[in-house]
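Enquirer: quick one: sequence and predicted model below, then my questions.
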Amino acid sequence: MALLNAQRLKPIDSEVLVGDWCFAVLSLPVEIPRLIEVLQQAQAATRLRRLTAGRQSSQFLGNSGTARSLRKHMECLSRVDGPLLVSGERGSGKHLLAHLLHQRSARRAQAVRLVNCAECFDEAVVAASSTTTVLIEHAAQLPDAAQQRLLGYLLVHPRASLVTLDGGELMQAVQQRRFSRDLFHLLATQRLHTPNLREQPGDLLLLAEHFAKKHGELVGHQKRRFSEDAIDAMLCHGWPGNVSELRNRVIRAVVLAQGRQIQAKDLGLQSAQADTACPVTLEDYILRAERQALSDVLGRYTHNMSQAARTLGISRPTFYRLLHKHRLR
């Protein structure tokens, strides 16, 4: 019997459902003490989700060169009018990036509007792009007639603030001639791309620490660090759901963890292989200690590399060399 977080679920696919919401499997017959324990955990997880509902990070976190470059590009584009295409994999932060752009724009006093092309194409909402930011989702599903109307609107209003969110299906639709190439080029006048998590191991650990600290404080738990087993498991996991999956798994771990450390099983991840996960030489232990120290200071001094280096008692060149050595940048 799989026990789900007792909160109303919106329609999602089975992979997201299992990865984000299932955190306990009970076999029949169920042992009552174990059932009560799991129900209490589900209640805590629900309370935590309600506390964090609607709360977004005020910044696009990450210390990697890709994340820093993206933030810099975002700041520049927030001062530019006209359509923008934000692309990236599922859960990589497209919605967050779009809202951050809006918050930094001259239109921030107005509420963001949304057009879900999979449900309907509301021309009145599109027209609101003259005064506020309008997000377009599932544009690849626009019928031909709606595509022509949107194309005509953009030709008359080239400075419309339309932000199109695309997970790759839009370009595929263009290549398959199901979507107007002319309309695509207008929607993608400017572009931003959110990085996937599996290619940014340093940002992965930084974000995991951030989520653990933030959500642990919300439920009144003492700060828990990730065990080496958990770190290895996170680095080995493919993260198909990117940052959204990481956040949900860490929330799950904050609720489930029993000791002072978060284990791989608390994250719902399998432990890495023993021959690669466990240090066996002095050099292995030194490397792991270096990586843990770097991860700790990166979590504390996200935007101050000089202070991070001083905290470790090393120079900035040495600090950057170690970041590169451990693939944390």
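Expert: All right, it came through fine. Predicted model only: the values in this text are computed from it and were never measured. Residues are numbered from 1 along each chain as shown.

Enquirer: going forward, measure contacts between C-alpha atoms and count neighbours the same way
Expert: OK.

Enquirer: need the contact list for the residue most central in space within the chain.
Expert: Central residue of the chain (C-alpha atoms, centre = their mean): V243, 2.6 Å from the mean position. If you count contacts by C-alpha atoms under 8 Å, 6 or more residues apart in numbering, V243 has them with G91, S92, G93, L197.

Enquirer: where is pLDDT lowest across the residues you listed?
Expert: Of all the contacts of V243, L197 carries the smallest pLDDT score, 89.

Enquirer: hmm, L204 and that residue touching each other?
Expert: Yes. With contact defined as C-alpha atoms under 8 Å, L197 reaches L204; the gap is 6.2 Å.

Enquirer: if we can go back for a sec, buried subset of the contacts of V243?
Expert: G91, S92, G93, L197 (16 or more other C-alpha atoms under 10 Å).

Enquirer: please enumerate the strands of the stretch 151-300 of the chain.
Expert: With DSSP state E, counting those that start in this stretch, the ranges of strands along the stretch 151-300 of the chain come out as 162-166, 190-193, 225-226, 261-262.

Enquirer: now render the ones you listed as a markdown table, adding distance to S64, mean neighbour count and mean pLDDT.
Expert: Shown next, in a markdown table, are the strands of the stretch 151-300 of the chain (distance: least, C-alpha to C-alpha, whole Å; neighbours: other C-alpha atoms under 10 Å; pLDDT from 0 to 100):
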| stretch | distance to S64 | mean neighbour count | mean pLDDT |
| --- | --- | --- | --- |
| strand 162-166 | 23 | 25 | 97 |
| strand 190-193 | 14 | 18 | 95 |
| strand 225-226 | 20 | 20 | 86 |
| strand 261-262 | 24 | 21 | 90 |
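
Enquirer: so for H326, which of these sits nearest?
Expert: strand 225-226 (17.2 Å; C-alpha to C-alpha).

Enquirer: what is the burial count for N242?
Expert: 19 (other C-alpha atoms under 10 Å).

Enquirer: wait, doesn't it sit right on S92?
Expert: Yes. Applying C-alpha under 8 Å as the test, N242 and S92 come out as touching, 5.2 Å apart.

Enquirer: common neighbours of those two, please.
Expert: Counting by C-alpha under 8 Å, 6+ apart, the residues touching both N242 and S92 are N196, L197.

Enquirer: poorly predicted segments of the protein, please.
Expert: Residues of the chain meeting the criterion pLDDT under 70: 1-25, 37-38, 40-58, 218-222, 272-284, 299, 327-329.

Enquirer: spit out the contact partners of H237.
Expert: H237 sits in contact with R198, L269, where contact means C-alpha under 8 Å, 6+ apart.

Enquirer: what does L85 show for phi and psi?
Expert: Main-chain torsions, L85, degrees, to the nearest 10: phi -110, psi 120.

Enquirer: what's around it, how many residues?
Expert: By other C-alpha under 10 Å, the burial measure for L85, its neighbour count, is 24.

Enquirer: contacts only, for it.
Expert: Contacts for L85 (C-alpha under 8 Å, 6+ apart) come out as V163, T164, L165, D166, L187, A188, T189, Q190, R191, L192.

Enquirer: picking up where we left off before, among the buried ones among the contacts of V243, which one sits closest to L26?
Expert: Distances from L26 to those, taken by C-alpha to C-alpha, are shortest for G91, at 28.6 Å.

Enquirer: identify the residues contacting the closest one.
Expert: G241, N242, V243, S244, E245.

Enquirer: tell me which of these fall in helices.
Expert: With DSSP state H as the criterion, helices contain N242, V243, S244, E245 from among the contacts of G91.

Enquirer: looking at those residues, spot the one nearest L294.
Expert: Using C-alpha to C-alpha, those come closest to L294 at V243, 20.6 Å.

Enquirer: does Q270 touch A233 like I think?
Expert: Yes. Contact criterion C-alpha under 8 Å: Q270 and A233 qualify, at 6.3 Å.

Enquirer: hang on, the earlier thing: redo the ones in helices among the contacts of G91 as JSON lines? Include distance to L256.
Expert: Shown next, in JSON lines, are those (distance: C-alpha to C-alpha, whole Å):
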{"residue": "N242", "distance to L256": "21"}
{"residue": "V243", "distance to L256": "20"}
{"residue": "S244", "distance to L256": "18"}
{"residue": "E245", "distance to L256": "16"}
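
Enquirer: V115: which element?
Expert: Element membership of V115, judged by DSSP states H and E, is strand 113-116.

Enquirer: now what about the helix or strand following that strand, what contacts it?
Expert: The element immediately downstream of strand 113-116 (helix or strand, assigned by DSSP H and E) is helix 123-127. Residues outside helix 123-127 that contact it (C-alpha under 8 Å, 6+ apart) are R113, L114, V115, V134, L162.

Enquirer: show me what the first one is bridged to.
Expert: Residues in a beta bridge with R113, per DSSP bridges, are V134.

Enquirer: check the burial of it by counting its neighbours.
Expert: Neighbours around R113, by other C-alpha under 10 Å: 15.
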